[in-house]
Every structure is written in structure tokens, then in C-alpha cells.
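> Sequence first, then the predicted structure, then my questions.
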Amino acid sequence: MPEASAQQAAKLAAAQHALRYVEPGNVVGLGSGSTASLFIQLLGERVKQGLRIQGIASSQDSENLARSLGIPITDFTKHQVIDVAIDGADEIGPAMSLIKGGGGKLLREKIVASACKRFIIVADDTKLVAQLGAFPLPIEVIPMAVPLVDARLRDLGFTPKIRQAKDGSGNYITDEGNILLDCTSSGIVDPEETAAEIRSIIGVVEHGLFLGMAERAIIAGEDGVREVMPSDLS
Ligand SMILES: O=C(CO)[C@H](O)[C@H](O)COP(=O)(O)O
């Protein structure tokens, strides 16, 4: 089987497994990206079969997809607590530290994750890493502050690059109207310290390090699907 379709099959298997964490009456956080989208499609099938849930989406794309499938959408004015959220990740590192935001949705994803009783990651096994940072860390920045934040991030050892829109129209603009800096580094040795340093930079709206948020990860690969807990990842 070509690698791309094996990876796709793994994403689907992880998404399928995640359905067991959704219970009737739940408010469900809907993640972003290809794996989360597969979960939303499967959830839509369950809703068509009669499952009663409501979704809170972590991106406009996910909300549009959910609505097109008949998943009722709610928001934080009606529900401040999400029972369970299912989302993807770009890297899954020690103690289930995560890099997210490859799809550009990290701010709303982190808001959803922060409001969850259970935050569950779905991913293929290529996302597991011994140390975070091979994937460039996305950082969402207020547009006028980009040159200032860029300089501070370089002081921290990052090489930031402004993300470009896929359609060639210029800078990628987030759902909240901000710029994303994709920051390469030689590796993130201490994610907690790095997160605190980035957060202290005025003009940074949010960063893609999700620390201490995920309860478990559903990981799929050629050997099947397994659940991984933070304590399993040293
Ligand atoms: O953080 C994200 C979007 O901002 C995604 O969850 C992450 O990029 C993983 O995506 P995929 O499931 O397509 O590999």
C-alpha cells in the first residue's frame, strides 16, 4: 500500500475509535485538520442515525463541515463546558506535550481544549516524537507586532517565517485576522519554559504548544489502533 493511503487509513482508524468517547447528549468539541475532519464525518453519520449531540467547532472550516452533515452547532454563550473534544496534532511528544496549528487553527483549538472535560487526540503514528520541534512551531501574532515578535523569537533561537496562503494570495490570515509565524528551531528541549518565554512576548496572541491538556491520544498505524496516556510518553 502506498504510504499516503496507509497514513490516511490510520487517520480514519483513529477517528473511528474516537467515536466511543461520545455519549448521547454530549457537547462535543470539533477539532481541525484532516484527522479531525474524518471524525466529524463519522460523527455526522451517527447524528443521521439518531445520536443527539451538539458540536462546538474549533475553526470555521470544521463548523461548515459539521453544519453540512447536519451536526447541530452550539457556542460558548449556551455551553461553557465541553464534554469531550476530539482533535488532531502535528507532534505528540513527552508527557503528551503537543505541537498544533499546522492547519492554522491553533487559537480556537486551544480555546476549545481549555473548556473541555476530556481532550482526546487522534493521529497516525508518524506524529509521535521523542522531542518536539522538528515540526515548525506555529505562533499567532497581531499583524502590527510581527517585526517585534519576530526579533524576540530569534533571540529565543527560533527562525520564524510568515505563513503564506495556499492559494498564493499573500500572507495566511487566521480566523481571528492575525498572522502566523512558523518557527523552526533545533528542538524544543523544555516545552514549559519555551511556552512561558513565548507567552511573555507582547503581540503574541497564542502559540501551538498544548501542554498538560490532552487526556489521551488515539494512535493508529500499521499495527492497529492503540491508546496512549501522557505517562506512557517519557
Ligand atoms: O492543529 C491542527 C490544525 O491547526 C491539526 O490538528 C494538525 O495540523 C493535525 O492535522 P492533520 O490531522 O491533518 O495531520
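Arrived safely.
> could you say which helix or strand contains residue 151?
helix 146-155 (DSSP states H and E).
> Let me see the residues that make contact with that helix.
Contacts with helix 146-155, where a contact means Cβ atoms under 8 Å, 6 or more residues apart in numbering, come from 139, 141, 160, 162, 179, 181, 183, 198, 201, 202, 203, 204. All C-beta spots, glycine's among them, are computed from the backbone N, C-alpha and C.
> most surrounded residue in these?
Most neighbours among those, by other Cβ atoms under 10 Å: residue 139, with 28 neighbours.
> got the contact list for that residue?
Residues in contact with residue 139, defined by Cβ under 8 Å, 6+ apart, are 149, 153, 160, 180, 181, 183, 198, 204, 206, 207, 208.
> where does this structure have low pLDDT?
Scanning the chain for pLDDT under 70 picks out the ranges 1-3.
> Would you mind naming what in it lies close to the ligand?
Contacts of the chain with the ligand, taken as Cβ under 6 Å from any ligand atom, map to 31-36, 87-90, 100-106, 109.
> Neighbouring strands - and their directions - for whatever helix or strand residue 29 lives in?
For residue 29, the element it lies in under DSSP H and E is strand 27-30. As defined by DSSP bridges, the strand partners of strand 27-30 come to strand 54-57 (parallel), strand 82-87 (parallel).
> Which is the succeeding secondary structure element to it?
Note on strand 27-30: by DSSP H and E, the next helix or strand toward the C-terminus is helix 34-48.
> What is that following helix packed up against?
Applying 3 or more Cβ pairs under 8 Å, 6 or more residues apart in numbering; DSSP states H and E, one finds that helix 34-48 contacts helix 3-18, strand 27-30, helix 60-68, strand 82-87, strand 116-124.
> re the thing from before, buried residues in the helix holding residue 151?
For helix 146-155, the neighbour count (16 or more other Cβ atoms under 10 Å) marks 146, 149, 150, 152, 153 as buried.
> same thing with stretch 120-132?
Neighbour counts over stretch 120-132 (16+ other Cβ under 10 Å) mark 120, 121, 122, 123, 124, 125, 127, 128, 129, 132 as buried.
> Report the distance from it to the chain centre.
11 Å (Cα atoms, centre = their mean, to the nearest Å).
> end-to-end on it?
Stretch 120-132 stretches 19 Å from its first residue to its last (Cα to Cα, to the nearest Å).
> Please apply the same query to stretch 111-120.
Stretch 111-120: ends 14 Å apart by Cα to Cα.
> Looking at the buried residues of stretch 120-132, which is nearest residue 215?
Using Cβ to Cβ, residue 120 is the member of those that sits closest to residue 215, with 6.0 Å.
> The closest one and residue 82 touch, don't they?
No - contact criterion Cβ atoms under 8 Å: residue 120 and residue 82 do not qualify, at 11.3 Å.
> quick revisit: TSV for the contacts of helix 146-155, including distance to residue 59 and secondary structure?
Shown next, in TSV, are those (distance: Cβ to Cβ, whole Å; DSSP: H, G, I helix; E, B strand; the rest coil):
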residue	distance to residue 59	secondary structure
139	17	strand
141	18	strand
160	22	strand
162	20	strand
179	17	strand
181	19	strand
183	21	strand
198	22	helix
201	24	coil
202	26	coil
203	22	coil
204	20	strand
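> Can you pick out the most distant pair from those residues?
162 and 202 (18.3 Å).
> quick one: residue 105 and residue 58 touch, right?
Yes - counting by Cβ under 8 Å, residue 58 is a contact partner of residue 105 at 5.7 Å.
> Spit out the residues that contact these two alike.
residue 32.
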